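**Q** I'll drop the sequence and a predicted model, then ask my questions.
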Amino acid sequence: MKVGIVGATGYGGLELIRFLHNHPAVDQIDLFTSSEEGVLFSSKFGHLITIVDTPLQKIEYDTLEKFDVLFTSTPSGVTSELLPPLIGKGPRLIDLSGDYRLKNLASYEAWYGKKAAPSHSVQQSVYGLTEWNTELIQQATLIANPGCYPTAVLLSLLPLVKERLIDPSFLVIDAKSGISGAGNKPSQTTHFSEANESFLIYKVNTHQHIPEIEQALSMFAHVDTTITFNTHLVPMTRGILATSYAPVMPGITEAQLITCLQTTYEKHPFVRVVTDANGLGTNRVKGSNYCDILVKVDSRTNRATIVSVIDNLVKGAAGQAIQNMNVQFDLPQTTGLDVVPFFI
Ligand SMILES: NC(=O)C1=CN([C@@H]2O[C@H](COP(=O)(O)OP(=O)(O)OC[C@H]3O[C@@H](n4cnc5c(N)ncnc54)[C@H](OP(=O)(O)O)[C@@H]3O)[C@@H](O)[C@H]2O)C=CC1
Ligand SMILES: CC(=O)N[C@@H](CCC(=O)OP(=O)(O)O)C(=O)O
């Protein structure tokens with residue numbers, strides 16, 4: 001397969017390169033830039049990545065059309081303009097940004113503060129939550145890869161909401177992310193001096209992933225509800241830990257919740273249901289495409305605590321994007337992604 005990556009020098013792009021470089025079905029990887037045309041990748045990243053020594057190419061349609069797969073790992077507001085002319089022109093398009101996830105254009109514009117992509121393009125996009133949308137992903141010309149937080153949250157909540165085991169009317173979600181989630185451009189809150197030895201809440205009740213999670217609860221669990229979702233910045237590079245709280249439906253036990261998760265994901269290699277809360281942390285999945293999920297019921301309050309951990313750059317971005325590519329080309333979903341987490 002010939003693959004192109006737009007946004008190759010960003011964190012999502014680097015992770016796409018890390019995995020695609022060893023992907024057995026990929027024999028060419030071209031890298032594209034909007035600002036550093038002609039720069040050799042190795043000169044930008046030095047000896048660290050001398051194995052990838054292709055020049056960064058200018059983004060031009062007649063070049064982009066020639067790929068089997070084109071990954072776009074760019075800030076929101078870029079692919080809404082870049083991709084429409086490419087839809088159906090040849091390459092399978094897999095977009096890591098949020099530009100094609102929300103079907104309601106007004107909602108995208110309200111939550112992202114950006115102009116929405118054309119309606120006909122948004123309607124053609126398929127939401128790339130692999131374990132929940134495999135059939136549509138297989139045929140899709142444009143995949144909207146999920147956001148990092150929604151990936152962790154939805155994998156843990158969708159089975160329990162769909163089977164009506166927890167009450168979706170009172171979903172409270174508390175999510176924590178490493179700093180790489182913000183991308184490779186430091187800001188006032190993400191640069192070392194302010195992020196290190198601090199634990200910050202941000203976008204209180206205003207995160208752009210709120211409509212994405214609510215849309216997916218409706219799409220896959222057939223529940224129309226509103227959620228309380230808040231995000232926090234943790235002084236670590238990688239990782240997302242999402243903790244969700246919900247009332248358990250009357251008569252439902254912790255064992256039933258665990259069995260529901262295990263049954264849902266028994267054939268899905270990257271989602272692991274754990275039963276021991278001790279040591280469930282982001283280092284269990286760091287650098288890998290795994291999502292580890294734990295559910296505990298507090299018998300005093302009859303509320304469930306549902307914990308989900310992923311690597312924001314892998315299962316939350318590049319890994320899930322490649323998992324979707326594997327589905328599209330009838331490859332085992334683990335192809336090129338079968339790595340052991342870093343742990344330390
Ligand atoms: N970081 C994460 O954990 C996750 C990020 N995402 C989403 O994935 C996308 C990429 O994220 P991430 O890699 O972290 O972001 P980065 O900021 O690290 O990288 C963005 C890349 O986009 C390129 N770029 C910037 N502006 C333009 C433009 N106008 N046209 C084309 N390319 C442009 C830049 O490279 P150059 O200047 O060379 O063009 C840069 O390499 C974002 O939409 C993000 O929200 C989704 C899930 C998780
Ligand atoms: C730590 C941090 O800043 N994380 C980013 C996640 C970016 C992302 O995945 O969001 P979209 O793809 O929907 O733009 C955030 O909270 O906005």
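**A** Happy to help now that I have it. Ligands and ions are numbered 1, 2, ... in the order given.

**Q** where's the spatially closest residue to L105 that is not a sequence neighbour, which helix or strand?
**A** In space, and not counting its chain neighbours, L105 is closest to A116: 3.8 Å by C-beta to C-beta, 6 or more residues apart in numbering. All C-beta spots, glycine's among them, are computed from the backbone N, C-alpha and C. Assessed by DSSP states H and E, A116 sits outside every helix and strand.

**Q** Shouldn't F229 be within a strand?
**A** Yes: assessed with DSSP: H, G, I helix; E, B strand; the rest coil, F229 lies in a strand.

**Q** Hmm, it is touching I213, no?
**A** Yes: the criterion here is C-beta atoms under 8 Å, and F229 meets it with I213 at 6.4 Å.

**Q** Could you tell me which residues touch both of these two?
**A** Residues touching both F229 and I213 (C-beta atoms under 8 Å, 6 or more residues apart in numbering): 149, 153, 173.

**Q** how far away is the last one from ligand 2?
**A** In this case it means I173. Going from I173 to ligand 2 by C-beta to the nearest ligand atom, to the nearest Å gives 13 Å.

**Q** what do you get for the second one?
**A** Noted for V153: a distance of 12 Å to ligand 2, by C-beta to the nearest ligand atom.

**Q** Ok, the first one next?
**A** Separation of Y149 from ligand 2 (C-beta to the nearest ligand atom) stands at 7 Å.

**Q** can you pull the contacts of that residue?
**A** Residues in contact with Y149, defined by C-beta under 8 Å, 6+ apart, are 175, 177, 207, 209, 213, 229, 231, 240, 242, 316.

**Q** quick one, what contacts the closest residue to the last one other than its chain neighbours?
**A** Yep, that's G316 we're talking about. Among residues not flanking G316 along the chain, C148 sits closest, at 3.1 Å (C-beta to C-beta, 6+ apart). Counting by C-beta under 8 Å, 6+ apart, C148 touches 177, 181, 240, 310, 312-313, 316-317.

**Q** What residue spans form the domains of this structure?
**A** When the chain is parsed with automatic domain parsing, its domains come out as 2-146+315-328, 149-312.

**Q** Check which helix or strand I201 maps to.
**A** Secondary structure from DSSP H and E places I201 in strand 200-202.

**Q** still on that earlier bit, give the phi and psi angles for the residue nearest to L105, as a check.
**A** Here is the backbone geometry of A116 (degrees, to the nearest 10): phi -70, psi 160.

**Q** That one: neighbour count?
**A** 20 (other C-beta atoms under 10 Å).

**Q** Tell me how far it lies from P84.
**A** From A116 across to P84, the span is 11 Å (C-beta to C-beta, to the nearest Å).

**Q** quick one: which of the contacts of C148 is most hemmed in?
**A** For these, the largest neighbour count, defined by other C-beta under 10 Å, is 36 neighbours, found at I310.

**Q** Test my guess that I201 contacts N230.
**A** Yes: I201 is in contact with N230 according to C-beta under 8 Å; the separation is 6.2 Å.

**Q** quick one, which of those two is more surrounded?
**A** Relative neighbour count places N230 above the other of I201 and N230, with 17 against 11, counting by other C-beta under 10 Å.
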